[in-house]
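Visitor: build me a structure from this.
(one chain, ligands or ions: 2)
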Amino acid sequence: MTLKITDECINCDVCEPVCPNQAIFMGETIYEIDPSRCTECVGHFDTPQCVTLCPVDCIPVDDTRPETRDQLLRKYEQLTRAAGKSLAIALLGLSSLFGSLTLPALLLPASAEAAMAHAAPRPGWLQRGKASFYASHFAGKRTASGEHHDPDELTAAHRTLPFGTRVRVTNPRNGRSVVVTINDRGPFHGKRIIDVSRAAARKLGLIKAGVGDVTLSHPDSRQPH
Ligand code: SF4
Ligand code: SF4
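Guide: Numbers count the residues shown, from 1 in each chain. Ligands and ions are numbered 1, 2, ... in the order given. Below is the predicted model:
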């Protein structure tokens, strides 16, 4: 069966870049799945990537579109053939411009991680908003990346940055900054752009206030103003 996105979707942008079949697109109000392109990730991955990453569990199976695993596999093969044809046409066009070309890497299916890599911050990247920190009852709980939350580690939740991304968080009120590693998804309401661990909040001087303005930037950047 293909999957569908329910209206609980919060448009967090996480699922669209990880779909290996480009089946997910922004609809009129929320993200949608093109059933003709969804294979439940059969042919690419053991589990549906969008379901694994969706922070609000709003991607159930679409019972109105029953499909066997064999049918999903055939759909995957058709999509792969169609992609191969388009690529061959593109390469023919390029080779007529540049002579012979061998680009085998282009024929490899992109992994979810590679698909998200483009979203990692670059030098000069800045995001401004509010930060809060994890309540103590989250200690030991599983994060969206599969790691368990450790309040003593310098980690954080962000809506879209890929897991493993290191980002500098700066508190403009006191000039303190800390580099955290993204291993969870959130926060999903208000103007908060990041939830940091208690250890990171301590370094930023956010513990007393609970929430405060921050600037996110590339980890190698100096303190942004
Ligand atoms: S299950 Fe896989 S193929 Fe289907 S929409 Fe999700 S990521 Fe794309
Ligand atoms: S991951 Fe879930 S909440 Fe986020 S855009 Fe996709 S369907 Fe919506």
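
Visitor: can you list the domains in the protein?
Guide: According to automatic domain parsing, the chain comprises the domains 1-118, 126-217.

Visitor: hang on, C50 in a helix?
Guide: Yes. Under DSSP: H, G, I helix; E, B strand; the rest coil, C50 falls within a helix.

Visitor: gap between the closest residue to it other than its chain neighbours and ligand 1?
Guide: Using Cβ to Cβ, 6 or more residues apart in numbering and skipping the chain neighbours, the partner closest in space to C50 is C15 (3.8 Å). Bear in mind the C-beta positions are built from the backbone N, C-alpha and C, glycine included. As judged by Cβ to the nearest ligand atom, to the nearest Å, C15 and ligand 1 stand 6 Å apart.

Visitor: next one: H218
Guide: Between H218 and ligand 1 the distance is 29 Å, computed by Cβ to the nearest ligand atom.

Visitor: next, count neighbours for that residue.
Guide: If you count neighbours by other Cβ atoms under 10 Å, H218 ends up with 18.

Visitor: list the contacts for it?
Guide: 121-125, 167-168 (Cβ atoms under 8 Å, 6 or more residues apart in numbering).

Visitor: give the PyMOL command for selecting the buried subset of those.
Guide: For the buried members of those, the matching PyMOL selection, counting by 16 or more other Cβ atoms under 10 Å, is:
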select buried, resi 121+167+168
